[in-house]
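Engineer: Need a 3D model of the following:
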Amino acid sequence: MEKVAFAATDLLVSPLGLGTANFGTRIDEATSLRQLDRYTQLGNLVDTAHVYGDWEPGMTACSEKIIGKWLAAHGGRDRIVLSTKGAHPPINAMHISRVTPEEIRLDLEGSLRCLRTDYIDLYFLHRDDPSRPVGELLECLEVFCAEGKIRYYGCSNWTLPRLKAAQQYAAAHGLKGFVCNQLMWSLAEVRVENLQDKTLVAMDAPTYAFHAQTHLNATCYTSLAKGYFSHRQRGDALSQSTRDVYDTAQNDVIYAKLLDLSERYGVSITLLSLLYFSAQPFAAVPLAAFRNDAQMEESLQLLELTPPQALLEELKTIRTIEK
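Structural biologist: Here you go, the predicted structure:
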């Protein structure tokens, strides 16, 4: 598949990004480095965050550090579109906001050291603090752009009203503004009321309409819904937490449609779930993390696939979020 052109930027990214949240924790360093080797044979978007790995006692920024080690060994920084995130609350105190210019700078400079790079292609505010004026946050990000430390910036887990306010401020003051929104989005409907982390923000109909109207780019975490549809097809036992979030009547309908599409087009449910994003009217790129080589190899087929236009047309209407 061709690379995706992100609107309002010069970024060309693969239609599948590598998620690295588990690098150095659930996935050991050797496996993480091997995944980077394999993914970058075909793709170029590597997504991380300064907080990834902090949930393990005594460990900090281990995902970024592994990526930095890989970059130092391989070179070719300009061939990678590197995105990371900062200003996440402390893992053990999620109620404490760190969305301030001072904390953002602290995290950004920490990310640059860990990643062993001079700049970040796409830098996200990992969370929001609605008590902070959006102008204060955007102005601080513009300073980092002027310093050459970031090329573009975006938001992650921001509500639609705050996202709109930020874009309005940027337009009024001649700023770059957010060029990307990273949020929870998959082909599966999400019962957000059952999410354990209440600070996560999922795609909904008003947010989708805003993206479609403005052509704001999106990168999408939990893009395979934790393998919900594939697990159902294999008859795997689903955890209660997964069932609480994804067992819905709409997902029953989507699952039946996926089975039909898979049979008619000879494309796996996993690839159909990833292709769904390529069928959108704005640039949307799924991020996927892999527990093993088999998962990675199946998903990487997306980057060598030329899907029939008829299949993309059917995927456009498979979920009613667009209505």
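Engineer: those helices in this protein, which residues are they?
Structural biologist: Assigned by DSSP state H, the chain shows helices spanning 29-39, 62-74, 101-115, 134-146, 160-173, 205-214, 228-234, 240-246, 249-265, 269-278, 293-300, 309-316.
Engineer: Can you give me the distance of Ala256 to Leu272?
Structural biologist: Remark: distance between Ala256 and Leu272 (Cβ to Cβ, to the nearest Å) = 13 Å. C-beta here means a position set from N, CA and C on the backbone, and glycine is covered the same way.
Engineer: For those two, indicate the residue with more neighbours.
Structural biologist: Set side by side, Ala256 and Leu272 show more neighbours around Leu272, with 24 against 10, by other Cβ atoms under 10 Å.
Engineer: doesn't Arg264 make contact with that one?
Structural biologist: No: assessed by Cβ atoms under 8 Å, Leu272 is found out of contact with Arg264, at 10.8 Å.
Engineer: what's the closest non-adjacent residue to Val51?
Structural biologist: Of all residues not flanking Val51 in the chain, His88 sits nearest, at 4.1 Å (Cβ to Cβ, 6 or more residues apart in numbering).
Engineer: Return the per-residue confidence for the one you found.
Structural biologist: The model reports His88 with a pLDDT of 98.
Engineer: now Glu322
Structural biologist: According to the model, Glu322 carries a pLDDT of 52.
Engineer: show me the contacts for the residue nearest to Pro286 when sequence neighbours are not counted.
Structural biologist: Leaving aside its sequence neighbours, Pro286 sits nearest to Ser223 (Cβ to Cβ, 6+ apart; 3.3 Å). Contact partners of Ser223, counting by Cβ atoms under 8 Å, 6 or more residues apart in numbering, are 185-186, 273-274, 277, 286-288.
Engineer: With Glu29 instead?
Structural biologist: The contact partners of Glu29, by Cβ under 8 Å, 6+ apart, come to 23, 66, 69.
Engineer: which one in the chain is furthest away from the centre?
Structural biologist: Arg264 (29.5 Å; Cα atoms, centre = their mean).
Engineer: Next one: that residue from Lys198, what distance?
Structural biologist: Arg264 is 40 Å from Lys198, where distance means Cβ to Cβ.
Engineer: What residues does Leu216 make contact with?
Structural biologist: By Cβ under 8 Å, 6+ apart, the contact set of Leu216 is 7, 167, 178-181, 210, 282.
Engineer: With distance to Ala294, pLDDT and neighbour count added, can I get those residues in JSON lines?
Structural biologist: Listed next are these as JSON lines, based on distance: Cβ to Cβ, whole Å; pLDDT from 0 to 100; neighbours: other Cβ atoms under 10 Å:
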{"residue": "Ala7", "distance to Ala294": "34", "pLDDT": "98", "neighbour count": "14"}
{"residue": "Gln167", "distance to Ala294": "41", "pLDDT": "98", "neighbour count": "19"}
{"residue": "Phe178", "distance to Ala294": "36", "pLDDT": "98", "neighbour count": "25"}
{"residue": "Val179", "distance to Ala294": "34", "pLDDT": "98", "neighbour count": "20"}
{"residue": "Cys180", "distance to Ala294": "30", "pLDDT": "99", "neighbour count": "27"}
{"residue": "Asn181", "distance to Ala294": "31", "pLDDT": "99", "neighbour count": "26"}
{"residue": "Phe210", "distance to Ala294": "37", "pLDDT": "98", "neighbour count": "16"}
{"residue": "Phe282", "distance to Ala294": "32", "pLDDT": "98", "neighbour count": "17"}
